[in-house]
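Engineer: here is a sequence with its predicted model. Questions after.
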Amino acid sequence: MSDSRPIALFDSGVGGLTVLNAVARRLPHENLLYLGDTARLPYGTKSPLTVQRYAIKAVSFLLERDAKALVIACNTATALALPAIRDQVGVPLLGVIEPGARAAVEALGRLKGRREGPIAVLATEATVASNAYGLAISALAPSVPVMNVACPLFVPLAEEGWTENEVAAAAAERYLEAVRRAGAPVAVLGCTHYPLLKRTIAHSLGPQTVLVDSADSTAAALDRMLPEKLRRLGPAAGETRLLVTDASERIRKVAGRFLGREATSLELVDLP
């Protein structure tokens, strides 16, 4: 049996396209359906109840399109709405925080005591305020210290395409100074925008710090979670549909940066 229904991914904007790309690489035969709620972004400035309301509406929209599994490819929505979403769905559901936290703990374990120090979580101010990664890491490894580091300028830098210039390097040096001082052996890219700045972040932290990309970690977790009966079989590559609630020219341009190609296929949709 082969299940051709799509795996659906949801984000408040286009940052979740880094997760989409990771899933497409990991599960190339699957059909993917992406929804970016670009008309209501950013979620990070909204109240938890508003984020939950928006996220539940988006998830209901995707389930109506026969999604067989759901990935909340948004750190804010995962931190603030995942429990509420879980109560609403009957398909496999995954957020981006637990996979990233688990990958960070595993990366620290592979160092086998050769490096001591905290796990650093690089994230937006909203994710840092939620301490969602800290709680997830503590649930897996209670004795491991966690330092949350807000890097808010990384988001507009990624969207502007300024990921490897002197401005990005200066921001990384400023934000990551405390991480270097603490000697953190592992750092989590706790925002879907941050993989675009991976090389700049890695250069600033140095080779002694292992970077964990939560997009790749989420794709690997989805691969482990998805049962055989829900997989699409066969040699043909899967198809991807990109849905957004606002398709302005800027949204198309930014989406293209995250996709690595021109985003000409954005479909404009309305959420109820």
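Structural biologist: Done, it's in.

Engineer: quick one, grab the pLDDT at the residue nearest to G183 when sequence neighbours are not counted.
Structural biologist: Using CB to CB, 6 or more residues apart in numbering and skipping residues adjacent in sequence, the residue nearest G183 is G117, 4.3 Å away. For the C-beta atoms, the positions are set from N, CA and C on the backbone; glycine is no exception. According to the prediction, G117 has pLDDT 86.

Engineer: helix, strand, or coil at G117?
Structural biologist: Recorded secondary structure, G117: coil (DSSP: H, G, I helix; E, B strand; the rest coil).

Engineer: residues in contact with it?
Structural biologist: Going by CB atoms under 8 Å, 6 or more residues apart in numbering, G117 touches P145, A182, G183, A184, P185.

Engineer: distance of G13 from G95?
Structural biologist: 16 Å (CB to CB, to the nearest Å).

Engineer: what of L271?
Structural biologist: Note on L271: its distance to G95, by CB to CB, is 20 Å.

Engineer: do L243 as well
Structural biologist: In terms of CB to CB, L243 sits 20 Å off from G95.

Engineer: ditto for D87
Structural biologist: Counting by CB to CB, the gap from D87 to G95 is 14 Å.

Engineer: again with L259
Structural biologist: L259 sits 22 Å away from G95, going by CB to CB.

Engineer: tell me which stretches of the protein form strands.
Structural biologist: 7-11, 32-36, 69-72, 93-95, 119-123, 146-150, 186-189, 210-213, 240-244, 266-268 (DSSP state E).

Engineer: report all helices and strands that the fourth one contacts.
Structural biologist: Spelled out, that is strand 93-95. For strand 93-95, the elements it packs on are strand 69-72, helix 75-86, helix 214-225, judged by 3 or more CB pairs under 8 Å, 6 or more residues apart in numbering; DSSP states H and E.
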